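In: dropping a prediction and its sequence here:
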Amino acid sequence: MTEDPDPLEFYWHFGDQTAVRTPSRTFITKYLHPDRYNVTVSMSSSLGSVISDVYTVVIQRAVHLNRLLYTRSVLMNTSVPFSCRINAGTNITYLWDFGDGTRRVGRDTEHHVFNSTGEFVIEVTISNLVSSASLKGHVFVVLEPCQPPPVKNMGPSKIQVWRYQSVSIGVTYEGQIQCNISKGVHYSWTLYGQTGLQLTTTGIKTNQQHLELPEYLLHYGTYRAVAKVQVVGSIVYSTYSVLLEVMSSSPVSIISGGTNVFINRHNSNSNIIVDGRRSYDPDFPDNIMSYRWKCRLVNMAKTSCFSKHVPASSALLIFPASALNANCNLFKLTLTVQSGNRSSSSEMFITMRSKPTSLDISLPSKLEEDTRFFQQPATSASPSILNQTETSRGNEIKIPLDSVVSWPRWGHSVENQNTSFLDLLSEIDSASDYEDFYSGIEEADSGVSLGRPTGPHHLDEMISHSREYEGDNLVGPVILGHVVSEKTLLDLHRELIQPALFESFTSTGISSSVITFKPMMLKPKSLYMLEVSASSEEVLQGKTQLFFSTHPAPEGMVCHVQPSSGFEVHTHFSIFCTSGKEDLMYEYSFSVGNATKKLLYRGRDYQHYFYLPSGDPHDDYKGSFKIF
């Protein structure tokens with residue numbers, strides 16, 4: 001600092017063999033290495049020069065901690081080593097607090113003798129002139145050797161579940177307990193909310209190895225479940241912790257009746273009933289939902305689907321067939337359901353056909369999806385005809401949850417036949433490819449889909465029609481000239497899966513009232529169309545189509561088993577899997593020769609420890625692992 005007027009010249013020496021000459025009174029420099037540096041500056045002007053006193057600058061690296069190394073359980077009156085590891089820091093001071101009233105300044109490694117039993121909190125504070133940090137640990141001082149249970153989370157650090165799902169969290173071990181556990185091990189679970197406060201767990205067993213949390217117990221957010229695992233009769237324990245994220249899901253919008261239903265235009269006096277009552281809110285089943293229907297003409301200029309007002313705010317959409325626009329043969333219905341601030345939509349196509357029929361159109365076929373359709377191990381759909389001896393209830397085309405089937409022409413029970421076809425439309429490259437066409441298929445996976453009768457046609461004619469005849473074009477060329485063709489789900493390329501191959505996919509055949517797919521038969525990440533037709537006495541009574549997708553299979557999975565050999569009941573084997581995704585379900589099993597495989601573990605843990613029986617003595621004692 002100087003009061004002399006400019007111009008002045010300053011010559012800086014920073015003590016690191018660098019010097020700078022500048023007219024500026026202030027200069028900023030950067031030191032690359034921690035040390036003590038002597039800084040001076042000389043000033044010169046036309047009147048002379050002067051040099052400053054020496055100013056010492058101390059440069060230090062901030063403390064970056066690593067860990068505290070120690071034995072968690074020690075014997076009383078025994079010298080115990082404690083070692084503090086750091087990643088960075090210079091000119092460090094270590095202040096040790098051993099929890100028994102002893103505090104002292106020491107080095108990175110210290111020894112201490114405890115004169116009484118109990119649990120003690122060890123803390124070491126590491127500091128210098130520019131930073132300070134501390135490490136803590138718990139040590140048990142006992143009279144007999146007893147190490148804390150070696151608990152370790154073998155799965156993801158955070159488990160993700162939907163609110164409607166129950167979840168099981170279990171304590172896992174990475175080795176044997178090195179202690180006398182003849183009296184057993186005691187478990188005590190505690191659940192903490194998003195604010196860190198302990199939650200009440202009334203009615204939930206918290207004293208077992210696994211904590212079972214029922215569905216709907218927790219609201220959206222992240223929770224922490226902590227288990228205290230204590231050796232009975234000892235003060236020694238371990239804590240096991242896992243995060244649990246409860247995620248929100250959209251309401252499920254379901255239009256019963258399949259994806260594409262066929263209706264005869266000549267039944268103009270009949271009512272069409274489209275049923276959305278199977279829609280539900282999986283997160284809050286008791287919520288009252290709102291419904292909103294929309295109808296749009298496909299590949300036509302914007303105009304109304306209906307010639308008269310149709311109420312569209314209830315779960316059922318009811319309108320006479322005569323109210324449909326006579327200039328269009330393909331309609332797209334969209335149902336949007338809302339629960340609170342969450343909503344979802346699903347879609348259905350109605351295809352109008354002009355071929356005359358003499359059959360009462362209150363006879364539906366029924367297509368059901370098992371609630372486990374998109375889960376392992378099996379998928380099922382069930383085309384069926386029910387209650388054939390019931391009488392007619394009027395001219396209605398129903399797309400309901402459960403329909404009463406009438407046979408007014410016969411008045412008695414007849415033998416029926418159901419025929420199914422399966423088309424592979426595409427292997428989906430991305431989720432958006434599928435959503436572009438139909439966003440509601442996957443949401444309706446647990447619903448019941450019902451089909452539409454189209455009149456009595458011969459079975460051979462039905463097979464030909466399902467591949468070639470797509471309805472009459474009732475739109476004039478003038479109207480079409482003003483419309484840009486829209487690509488819909490129905491326009492996707494279809495690859496027919498041959499009946500023999502299709503039947504091999506199922507465990508029930510393709511002509512039964514229930515069709516069940518075998519595990520691992522359908523391609524992952526693919527879109528399928530299942531067509532179900534019902535016939536009586538070789539005459540077609542009804543047909544519907546259901547589009548559904550399969551989830552992608554995990555890719556890039558790599559698993560390692562170590563060691564590759566060992567001794568029965570003695571060697572501690574481990575399996576470790578990597579996939580790039582955290583929250584997957586795993587199943588590990590072991591088998592010897594042709595014997596039935598033995599399940600080792602099923603759950604979210606990608607790492608697992610276990611003991612094995614001996615292998616096949618006739619095959620060099622080999623055994624086989626199966627990872628699913």
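Out: Perfect, I can see it now.
In: spit out the contact partners of Gly137.
Out: Neighbouring residues of Gly137 by C-beta atoms under 8 Å, 6 or more residues apart in numbering: Leu68, Tyr70, Arg72, Val121, Ile122, Glu123. Where you see a C-beta, it was placed from the backbone N, CA and C, and this is true even at glycine.
In: which strand residues bridge it?
Out: Ile122 (DSSP bridges).
In: if I look at it, how far off is Pro149?
Out: Using C-beta to C-beta, to the nearest Å, we find Gly137 at a distance of 17 Å from Pro149.
In: again with Ser234
Out: For Ser234, the distance to Pro149 - C-beta to C-beta - is 10 Å.
In: which neighbours do the two share?
Out: Common neighbours of Ser234 and Pro149 (C-beta under 8 Å, 6+ apart) are Cys179.
In: between these two, tell me which one has more neighbours.
Out: Higher neighbour count among Ser234 and Pro149: Pro149, with 25 against 18, using other C-beta atoms under 10 Å.
In: isn't the more buried one right up against Val185?
Out: Yes. Assessed by C-beta atoms under 8 Å, Pro149 is found in contact with Val185 at 6.4 Å.
In: what do the two both touch?
Out: Listed as contacting both Pro149 and Val185 by C-beta under 8 Å, 6+ apart are Ile177, Val229, Val231.
In: among these, which lie within strands?
Out: Here DSSP state E is the test, and those give Val229, Val231 as lying in strands.
In: for PyMOL, what selects the buried ones among the shared contacts of Pro149 and Val185?
Out: To isolate the buried members of these in PyMOL, using 16 or more other C-beta atoms under 10 Å:
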select buried, resi 177+229+231
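In: TSV for the shared contacts of Pro149 and Val185, including distance to Leu47 and pLDDT?
Out: Listed next are those as TSV, based on distance: C-beta to C-beta, whole Å; pLDDT from 0 to 100:
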residue	distance to Leu47	pLDDT
Ile177	84	88
Val229	81	95
Val231	84	92
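In: so which of the shared contacts of Pro149 and Val185 comes closest to Tyr528?
Out: Val229 (47.5 Å; C-beta to C-beta).
In: any idea what the closest one is bridged to?
Out: Tyr187, Ser238.
In: I'd say it and Pro150 touch.
Out: No. In this structure, Val229 is not within contact of Pro150 by C-beta under 8 Å, at 9.7 Å.
In: mutual contacts of the two, please.
Out: Listed as contacting both Val229 and Pro150 by C-beta under 8 Å, 6+ apart are Ser238.
In: next up, the contacts around the nearest residue in space to Gly15 that is not next to it in sequence.
Out: Nearest-residue entry for Gly15: Tyr37, 3.4 Å, with adjacent residues in sequence omitted and distances by C-beta to C-beta, 6 or more residues apart in numbering. Contacts for Tyr37 (C-beta under 8 Å, 6+ apart) come out as Phe14, Gly15, Asp16, Tyr31, Thr56, Val57, Val58, Ile59.
In: go again using 6 Å as the cut-off
Out: Shown in contact with Tyr37 (C-beta atoms under 6 Å, 6 or more residues apart in numbering): Gly15, Asp16, Val57.
In: neighbours of the last one, how many?
Out: Using other C-beta under 10 Å as the criterion, Val57 is surrounded by 14 other residues.
In: re the thing from before, what's the following helix or strand after the host helix or strand of the residue nearest to Gly15?
Out: Using DSSP states H and E, Tyr37 sits within strand 35-45. Where DSSP H and E defines the elements, the next helix or strand beyond strand 35-45 is strand 48-51.
In: check the offset of that next one from the chain's centre.
Out: Distance of strand 48-51 from the chain centroid (C-alpha atoms, centre = their mean, to the nearest Å) equals 74 Å.
In: parallel or antiparallel, which strands does it pair with?
Out: Strands that pair with strand 48-51, judged by DSSP bridges, come out as strand 35-45 (antiparallel).
In: list the buried residues for the strand it pairs with?
Out: Neighbour-count burial for strand 35-45 flags Tyr37, Val39, Val41, Met43 (criterion: 16+ other C-beta under 10 Å).
In: please name the bridge partners of the first one.
Out: Which is Tyr37. Beta bridges link Tyr37 to Val57 when assigned by DSSP bridges.
In: cool, the third one as well?
Out: For Val41, the residues forming beta bridges with it (DSSP bridges) are Trp12.
In: hang on, it packs against Ile51?
Out: No. With contact defined as C-beta atoms under 6 Å, Val41 does not reach Ile51; the gap is 7.5 Å.
In: for Gly170, see how far away Arg602 is.
Out: Distance, Arg602 to Gly170, using C-beta to C-beta: 11 Å.
In: ok, those two, which is more surrounded?
Out: Neighbour tally, Arg602 and Gly170, criterion other C-beta under 10 Å: the higher count belongs to Gly170, 18 against 12.
In: skipping adjacent residues, who's closest to that one in space?
Out: Spatially, and ignoring its direct neighbours in sequence, Gly170 is nearest to His210 (4.1 Å; C-beta to C-beta, 6+ apart).
In: what about that neighbour, distance to Ser589?
Out: Distance from His210 to Ser589, by C-beta to C-beta: 20 Å.
In: which of the two has more residues huddled nearby?
Out: Set His210 next to Ser589 and count neighbours by other C-beta under 10 Å: Ser589 wins out with 16 against 13.
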